[in-house]
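Undergrad: With the input below, show me the fold.
(2 chains)
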Protein chains: 2
Amino acid sequence: MFESAEIGHQIDKATYKAAVPVLRAALLEAQVDLHESKKIPVVVLISGQDGAGKGETINVLYEWMDPRFISTLAFSEPSDEERERPAMWRYWRSLPPKGRVGIFAGSWYSDPIRERIQGDISLKELDARADQINRFEAMLVNEGALVLKFWFHLTKEGQKKRLKALESDPKTAWRVTQWNWDRLKTYDQLQEVAGHFLRMTNTPYAPWVVVEGTDDRYRSLTVGQVLLEALRSKLASTQKQAPPVAPIVRVDTDGRNVLSELDLKLALEEKPYEQELAQWQGRLSELVRDERFKGRSLVCAFEGADAAGKGGAIRRIGAAMDARQYQVIPVAAPTEEERAQPYLWRFWRHLPRQGRVAIFDRTWYGRVLVERVEGFCTENDWLRAYTEINDFEHEMAEAGVIVVKFWLQISQEEQLRRFKEREKIEFKRFKITQEDWRNREKWDQYQQAICDMVERTSTGNAPWTLVEANDKNYARVKILRTLCERLEAELDDKSAPKSHADAEESDKSDKSDKSKKRKKSGKKSNKN
Amino acid sequence: MFESAEIGHQIDKATYKAAVPVLRAALLEAQVDLHESKKIPVVVLISGQDGAGKGETINVLYEWMDPRFISTLAFSEPSDEERERPAMWRYWRSLPPKGRVGIFAGSWYSDPIRERIQGDISLKELDARADQINRFEAMLVNEGALVLKFWFHLTKEGQKKRLKALESDPKTAWRVTQWNWDRLKTYDQLQEVAGHFLRMTNTPYAPWVVVEGTDDRYRSLTVGQVLLEALRSKLASTQKQAPPVAPIVRVDTDGRNVLSELDLKLALEEKPYEQELAQWQGRLSELVRDERFKGRSLVCAFEGADAAGKGGAIRRIGAAMDARQYQVIPVAAPTEEERAQPYLWRFWRHLPRQGRVAIFDRTWYGRVLVERVEGFCTENDWLRAYTEINDFEHEMAEAGVIVVKFWLQISQEEQLRRFKEREKIEFKRFKITQEDWRNREKWDQYQQAICDMVERTSTGNAPWTLVEANDKNYARVKILRTLCERLEAELDDKSAPKSHADAEESDKSDKSDKSKKRKKSGKKSNKN
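TA: Reported below is the predicted structural model:
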């Protein structure tokens, strides 16, 4: 991995002086194009050995480019708001919007490499992290980002020399601490772990650029030129690049599927409904006040056809909780700031802190439902979304977020009845729009999309619960009961963090263990 | 203040049962109008005595209204991200956008009342907080918000009864702790402090609604009806309400003003420039790495005519710092999410954490410069902006943020020369637009606006530095020198927090003292 970065690359002063003005002008021009086209977010990772020139390189880029359209993201100790959310949350919130350059000084690579060197994770676990990262970066690239990953390399001898040089100059001496010298001792270990990890994440869509860090001029020119060429070629590529996908093939030999198998006649009389509703609401209110919930959080996802009763069900859940503890997030068209980010960004931003609840009224499944059926995104976009969504929910589950997903199924006749009923009521909030009627015409396409969704995204961590919703009473009680049972199972799970403080302490060492066990506690797609 | 909330209001069950469905339907309709018009953010404060029904009321509102367009904001211990910014930051970040209802369970009233009861602040300081709050709420209302402030009141006897009732019901017993009983002991003190504070903040634009909390039905109906009537009348009021303002009168008897007095011939030769630049950059790099800066933060504001050299000056500042420590924030047209908030929101969101630097390329002064001259906002909007801006900067200064503001002044001839020079260069980044030429035509109006701005917003906390910028060398050195001198003065100020940890510890008790002293250390508008 590091061979070509140990051959003693050097650029002499005259060459450098001649090259910089040209490069700089070109970089600034490319940056203007980037800013004006507002199509591409640029993610630049600056990583590598201490003393190999990471900080200097960032400063050079600032000197050469327009700093107004660059942000540098440094990641030291996570803040408490970050610690209480999935590990990737802090990176998601820092992603540059389209048209801007985000320089990551420290990134999603730092933790796995450090944890492996410290022996906190096994090689197998390290490889699993590499897979996760590869999928995350694939998502970024598929969403239009340019991902540039630099690794600055020094030989052991070179690193020693650089530290000494820094130390002897009073202007830079402050940057060298005992910590840096200690790192020298683990040089070989870092080489081995980083080498392996870089090879595992050296993908065609987000390759590593290993740069020899010894000579300042060589390093700066190399980074500048790589950035320029990458920007230019990305800006010039007019056709949308798309990863290979296999179209979904589904044959309907006997006319049966998970939706047709639902018994939509299931119903609950008023009396038992009121009794059961009160019972489960009471239970839910206990569960979210449970000490063990303080170190967890809950994400409820509601999907269903128009008029399937999502709003009413959500209100019944809310009624069991203190309003200060939960938020309902209605998912409508994305805002301008959301459109400048990867698809899932607008859901990441709403993830709750520990001890809190977020209820999504329509969700990230929009991509594989309405966007698929209505053609709002390409086939490629929604086909890759299944994996991205599974990753998203997996990351939540790993961090102790309890993800509960409901699909509310009603028959076409019942929907028509509800539409007509609503039309008779003059309340504006029950307005039936042209769009609602149009959606009905695509009923079969939607049923197909739902079946695919359930099949591909009902995981152990985050199973789908299909709810027979022709009868509102039955549906609401089933939803509340499922939610309570799931919460109980998760809180009883001994492998789960017991409290906020516990969660923090044991965060690093036991995480992978916990998540493995936690997965088992989830249930399969649940039909009753 | 509380007289009419001690007369034993009660609503019988039958009346309540009859009233609720009507009220509820009307509330939902009003909420639809609110959501569709997307013009009004609704800020509802729920405050008052413990056990007076705050939580219950919020839950009732959720039951009656559509929870998808309500957010409840609870404020317990501030997170570390909040602690490292001005006290109002956490409220700004929680403001509901236009079309939504934000219910504040706890608000900007909680701290001052608590601190006064604990004896941490004097009556005079409490009154100063009331003034600050009044100006904040005036800003909200002027920006189109509906601000509804509820205070739930109980007699001492009533409070005792309610606590006992809650305690005896197993469903609610968990909500009563020793802390609640202790609060009963301070009942009289709370009455006195709250009574005074409520009177001080009972403004015509954001009046208090004191509600007797004893009877659940009375309380719920009252809040529901007040909310409904307020929503309806706000939605119905077509004409923009505007506070009284006096137009700015300025007579130009001798043709002299702060700008005309600047000596634009001031210049610096290349040699001394390079030397001084290096000297001040070195000093700046030391200052932002100073231990004492870890508990502070720096906000640099750059304003100036087109081509005045803001970008170049900002780059010289950046070059002295580690890119991980600062952000440049280019201020362009607001995004959709920013347009749904009060004017200053988009600047609040970029305030740096402790130890960090934010450099604004154009600023919140846009309101009183370009928006005033081009007529992008009403006269009323920009006239009230001076006070709002002073409040904003005052809140920053109080929290230890060092605010340094530069106006870069060039002559009309120099601007023309630079425009023509840029036109000759083919770099896109130097493109001169029609708008740039148009702005030139309003030169005199801009000069007037700048003079008014300097006069009204050069405060002890945040003085303006007018920079003679016809010569770029001179301007850059003056800017760097001013910045260093200001930083030195602030860091030497013994009253300022010395480090992050200190700042946290002494946060509550000494804040007002510190800010008083800190103000003195600022300098007046500085012409050399």
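
Undergrad: can we go C-alpha only for contacts and neighbour counts from here?
TA: Will do.

Undergrad: Surely A:Ile121 and A:Ile113 touch.
TA: No: counting by C-alpha atoms under 8 Å, A:Ile121 does not reach A:Ile113; the two are 9.4 Å apart.

Undergrad: Could you pull out the buried residues of stretch A:269-284?
TA: Neighbour-count burial for stretch A:269-284 flags A:273, A:276-277, A:280-284 (criterion: 16 or more other C-alpha atoms under 10 Å in any protein chain shown).

Undergrad: er, stretch A:323-336 actually
TA: Applying a neighbour-count criterion of 16+ other C-alpha under 10 Å, one finds A:323-330 buried in stretch A:323-336.

Undergrad: Same question for stretch A:226-245.
TA: Neighbour-count burial for stretch A:226-245 [16+ other C-alpha under 10 Å]: A:227-228, A:230-232, A:234-235.

Undergrad: One more: stretch A:80-95?
TA: In terms of neighbour count (16+ other C-alpha under 10 Å), stretch A:80-95 has its buried residues at A:81-90, A:92, A:94-95.

Undergrad: Reformat these as JSON lines; add pLDDT and distance to A:Pro244.
TA: What follows is those, written out as JSON lines (pLDDT from 0 to 100; distance: C-alpha to C-alpha, whole Å):
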{"residue": "A:Glu81", "pLDDT": "90", "distance to A:Pro244": "38"}
{"residue": "A:Glu82", "pLDDT": "92", "distance to A:Pro244": "35"}
{"residue": "A:Arg83", "pLDDT": "91", "distance to A:Pro244": "36"}
{"residue": "A:Glu84", "pLDDT": "91", "distance to A:Pro244": "36"}
{"residue": "A:Arg85", "pLDDT": "93", "distance to A:Pro244": "32"}
{"residue": "A:Pro86", "pLDDT": "92", "distance to A:Pro244": "29"}
{"residue": "A:Ala87", "pLDDT": "90", "distance to A:Pro244": "29"}
{"residue": "A:Met88", "pLDDT": "93", "distance to A:Pro244": "26"}
{"residue": "A:Trp89", "pLDDT": "93", "distance to A:Pro244": "28"}
{"residue": "A:Arg90", "pLDDT": "93", "distance to A:Pro244": "30"}
{"residue": "A:Trp92", "pLDDT": "95", "distance to A:Pro244": "25"}
{"residue": "A:Ser94", "pLDDT": "93", "distance to A:Pro244": "29"}
{"residue": "A:Leu95", "pLDDT": "95", "distance to A:Pro244": "25"}
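
Undergrad: and which of these is nearest to chain B?
TA: Distance to chain B, by C-alpha to the nearest C-alpha, is smallest for A:Glu81 among the buried residues of stretch A:80-95, at 6.7 Å.

Undergrad: so of the buried residues of stretch A:269-284, which ones are in helices?
TA: A:273, A:276-277, A:280-284 (DSSP state H).

Undergrad: contacting residues for A:Glu374?
TA: If you count contacts by C-alpha atoms under 8 Å, 6 or more residues apart in numbering or on different chains, A:Glu374 has none.

Undergrad: count of residues packed around the nearest residue to A:Ser411 once chain neighbours are set aside?
TA: Spatial nearest neighbour of A:Ser411, excluding adjacent residues (C-alpha to C-alpha, 6 or more residues apart in numbering or on different chains): A:Asn470 at 6.8 Å. For A:Asn470, the count of nearby residues is 23 (other C-alpha atoms under 10 Å in any protein chain shown).

Undergrad: give me every residue that touches A:Asn470.
TA: A:264-267, A:308, A:409-411, A:414.

Undergrad: What ranges in the stretch 151-300 of chain A fall below the confidence cut-off?
TA: Applying pLDDT under 70 to the stretch 151-300 of chain A flags residues A:171, A:238-241, A:243.

Undergrad: Please enumerate the helices of the stretch 251-400 of chain A.
TA: Listed in chain order, the helices of the stretch 251-400 of chain A (DSSP state H, counting those that start in this stretch) span A:270-287, A:310-318, A:336-339, A:345-348, A:370-374, A:379-398.

Undergrad: Thank you, goodbye.
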